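S.K.: Fold the stuff below for me.
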Amino acid sequence: MSEATADGSPEVETTESGGAHRGARTWEDSLLAVRDLDAGYGDLQILTDVDLDVRDGEYVTIVGPNGAGKSTVMKSVFGLTNLMGGTVEFGGADITDIPPEEIIFEGLGYVPQNDNIFTSLSVQENLEMGAYILDETPQDALDAVYERFPILEERRDQEAGTMSGGQRQMLAMGRALMLDPDLLLLDEPSAGLAPDLVDDMFDRIDRINDDGTAVLMVEQNAKKALRRCDRGYVLVDGQNRYEDSGDALLADEQVRQDFLGG
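M.R.: Numbering: from 1, shown residues only. Presented below is the predicted three-dimensional model:
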């Protein structure tokens, strides 16, 4: 059972391995530090006192039941919600009040779950849109995306809306990588993919992280995500419930029963 902290907010439960709880982590070494975040849409509050951090090069996953507020965390980091309290810091700078069109200058890339490509544009035009803030598209960035996702180069002139679900997701990630972000935010990257494509998508995300890009991912396929990440957060009713390594969360009996199907 959670206890209350001095300010009256719920303390994050530790898993059996003794995972970190609210207030125990130092923030100075964090690439991304979300602190005491209250956020929502209009007057509707979805998140309450959420804490989350990602270190440089780390792979972090947020899991939890439907409606827990997982996607709202991602949107809040990227400046797409009504922030009612708390702070978001990135690279040591406070980005809480920075609009999304400026956040990309800070080194954040974001791939939303829905509407994440321009369907009427070609594949290459979509990628070029990922670098629209520059005077011209950097060829080395385009080449790097094509090397990572060869199918995109093969179909560079194809209208993006005619591609398969898996190819669209590669395109969305490729566009977000055009500015070589320090942190890539991925919202449900396996959503809508055929089962045989899910592992391939996770393999590609692993390689992005292995190459040095930190990853913060929301994922409905909790078991697969936790097996691959460095750390995981379990969000329930818009609040932190558990935080630990992915392996420790998978091994915790209460977490398995409540959120992972036993």
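
S.K.: which residues does residue 232 bridge with?
M.R.: Counting by DSSP bridges, residue 232 is bridged to residue 61, residue 244.

S.K.: Neighbours of it, how many?
M.R.: 30 (other C-beta atoms under 10 Å). Placement of C-beta: from N, CA and C, glycine included.

S.K.: now residue 132
M.R.: Using other C-beta under 10 Å, residue 132 has 12 neighbouring residues.

S.K.: gap between it and residue 96?
M.R.: 24 Å (C-beta to C-beta, to the nearest Å).

S.K.: Helices of this protein, start to end?
M.R.: 70-77, 100-103, 123-129, 139-148, 150-154, 165-177, 195-210, 222-228, 246-251, 253-259 (DSSP state H).

S.K.: between the ones you listed, which gets nearest to residue 48?
M.R.: Residue 48 lies closest to helix 70-77 among these, at 11.0 Å (C-beta to C-beta).

S.K.: now the helices of the chain as TSV including mean pLDDT, distance to residue 112 and mean neighbour count?
M.R.: Shown next, in TSV, are the helices of the chain (pLDDT from 0 to 100; distance: least, C-beta to C-beta, whole Å; neighbours: other C-beta atoms under 10 Å):
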stretch	mean pLDDT	distance to residue 112	mean neighbour count
helix 70-77	97	8	24
helix 100-103	89	11	13
helix 123-129	95	14	21
helix 139-148	94	18	15
helix 150-154	97	19	16
helix 165-177	95	8	22
helix 195-210	94	15	15
helix 222-228	95	17	19
helix 246-251	96	23	19
helix 253-259	89	23	15
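
S.K.: Ok, which of the ones you listed comes nearest residue 113?
M.R.: Nearest to residue 113, of the helices of the chain and by C-beta to C-beta, is helix 70-77 at 6.5 Å.

S.K.: Centre of the chain to that closest one, how far?
M.R.: The chain centroid and the centroid of helix 70-77 are separated by 8 Å under C-alpha atoms, centre = their mean, to the nearest Å.

S.K.: Show me the shaky parts of the stretch 1-150 of the chain.
M.R.: Along the stretch 1-150 of the chain, segments meeting pLDDT under 70 span 1-28.

S.K.: Relative to residue 131, how far out is the residue lying closest to residue 180 once chain neighbours are set aside?
M.R.: Of all residues not flanking residue 180 in the chain, residue 141 sits nearest, at 6.5 Å (C-beta to C-beta, 6 or more residues apart in numbering). Plainly put, residue 141 is 6 Å away from residue 131 if you go by C-beta to C-beta.

S.K.: how far does stretch 29-46 sit from the chain's center?
M.R.: 14 Å.
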